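A.B. asks: predicted model, plus sequence, below.
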Amino acid sequence: MQQQVEDVKNKQEALRNQQEVAHTQQISTLKQEHETSLAELRKIHELDMQDLDKTLKESEAMLNEKIQSLTAENEALKERIREEEEWRRALADKSLKDAHTLYLEQELESLRAVLEIKTNQIHQQDKKLMQMDKLVDDNLKLEECLKKVQQENEDYKARMDKHAALSKQLSTEQAMLQQTLQKESKVNKRLSMENEELLWKLHNGDLCSPRRLSPSPPFHSPQISASFSTTPVSPR
């Protein structure tokens, strides 16, 4: 009986150690995976933010420079066209339509074509600015994704706290089981002493009378019977 109690005690101790090791490893693995994932996401997000900011600043600077250059050229062309038109009107008033006038008219048409090209370039630069605005919106979406990851981080922390509470509960149940085993060990020891006392009395002739030698029903400890009939507590 003592050997069985010791076996149960050893099995419970081994099970408790195994559960503690598995629980510790699980918490450590979850924590490490979460920290690694969060660090990678933050690093990627920071790199994306830096690249976007750098690209945005460079593109804005280039676009502003081109817009200023094109605007200046546009104003110069408008001024030149205005001067050419005034000159042409002056020549028309004087009826001086010679070869030089035709050349000036062709030059005016050419200037108008160049002005149209420059205007189209300005429209293209405006489209690029709209694309940069879209990149800014994508950046905001990335920030929302980071907030979502941070919320998942809080959920992981809550799960870890729940695992810690479960570990504490298992430790409490293990302590209660240890106390029960100690009580049963005391009962077994008392029964062993009573058995030795009966054997000693029987050996010395104290139980030789028929009344004393009558067989008596075996004595069973209700605590011991209950302890061996109870199923072990399964970890939750």
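C.D. replies: Structure's in. What do you need?

A.B. asks: CA atoms for contacts and neighbours, from now on please.
C.D. replies: Noted.

A.B. asks: quick one, helices of the protein?
C.D. replies: 2-93, 99-203, 210-213, 222-229 (DSSP state H).

A.B. asks: same list (those helices) but as TSV, adding mean pLDDT.
C.D. replies: As requested, the helices of the chain are exported to TSV (pLDDT from 0 to 100):
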stretch	mean pLDDT
helix 2-93	84
helix 99-203	85
helix 210-213	42
helix 222-229	39
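
A.B. asks: turn these into JSON lines, columns for mean neighbour count.
C.D. replies: JSON lines is the format used below for the helices of the chain (neighbours: other Cα atoms under 10 Å):
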{"stretch": "helix 2-93", "mean neighbour count": "14"}
{"stretch": "helix 99-203", "mean neighbour count": "14"}
{"stretch": "helix 210-213", "mean neighbour count": "10"}
{"stretch": "helix 222-229", "mean neighbour count": "13"}
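
A.B. asks: Gln174 contacts Arg16, correct?
C.D. replies: Yes - counting by Cα atoms under 8 Å, Gln174 touches Arg16, with 7.2 Å between them.

A.B. asks: residues touching Tyr156, list them.
C.D. replies: His34 (Cα atoms under 8 Å, 6 or more residues apart in numbering).

A.B. asks: would you mind measuring from it to Met130?
C.D. replies: Relative to Met130, Tyr156 is positioned 40 Å away (Cα to Cα, to the nearest Å).

A.B. asks: ditto for Glu73
C.D. replies: 23 Å.

A.B. asks: now Thr24
C.D. replies: If you go by Cα to Cα, the gap between Thr24 and Met130 works out to 53 Å.

A.B. asks: same deal with Asn74?
C.D. replies: Taken as Cα to Cα, the span from Asn74 to Met130 is 22 Å.

A.B. asks: same check, this time on Leu15
C.D. replies: Taking Cα to Cα, one finds Leu15 at 65 Å from Met130.

A.B. asks: could you do Leu142 as well?
C.D. replies: Leu142 is 19 Å from Met130, by Cα to Cα.

A.B. asks: kindly report the same for Met176.
C.D. replies: 70 Å.

A.B. asks: also Leu111?
C.D. replies: 29 Å.

A.B. asks: and for Glu194?
C.D. replies: 97 Å.

A.B. asks: then Ile44?
C.D. replies: 25 Å.

A.B. asks: same deal with Glu79?
C.D. replies: Taking Cα to Cα, one finds Glu79 at 30 Å from Met130.

A.B. asks: before we move on, what about Gln50?
C.D. replies: 20 Å.

A.B. asks: check Lys43 too.
C.D. replies: With Cα to Cα as the criterion, Lys43 and Met130 are 28 Å apart.

A.B. asks: what's stretch 102-122 in contact with?
C.D. replies: Residues contacting stretch 102-122 (Cα under 8 Å, 6+ apart): 67, 70, 74, 77-78, 81, 84, 88.

A.B. asks: turn these into JSON lines, columns for distance to Ser37.
C.D. replies: Below are those laid out as JSON lines (distance: Cα to Cα, whole Å):
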{"residue": "Ile67", "distance to Ser37": "44"}
{"residue": "Leu70", "distance to Ser37": "48"}
{"residue": "Asn74", "distance to Ser37": "53"}
{"residue": "Leu77", "distance to Ser37": "58"}
{"residue": "Lys78", "distance to Ser37": "59"}
{"residue": "Ile81", "distance to Ser37": "63"}
{"residue": "Glu84", "distance to Ser37": "68"}
{"residue": "Arg88", "distance to Ser37": "73"}
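
A.B. asks: just give me the closest of these to Gln182.
C.D. replies: Proximity to Gln182 was ranked across these by Cα to Cα; first place goes to Ile67, at 89.4 Å.

A.B. asks: thank you kindly, that will do.
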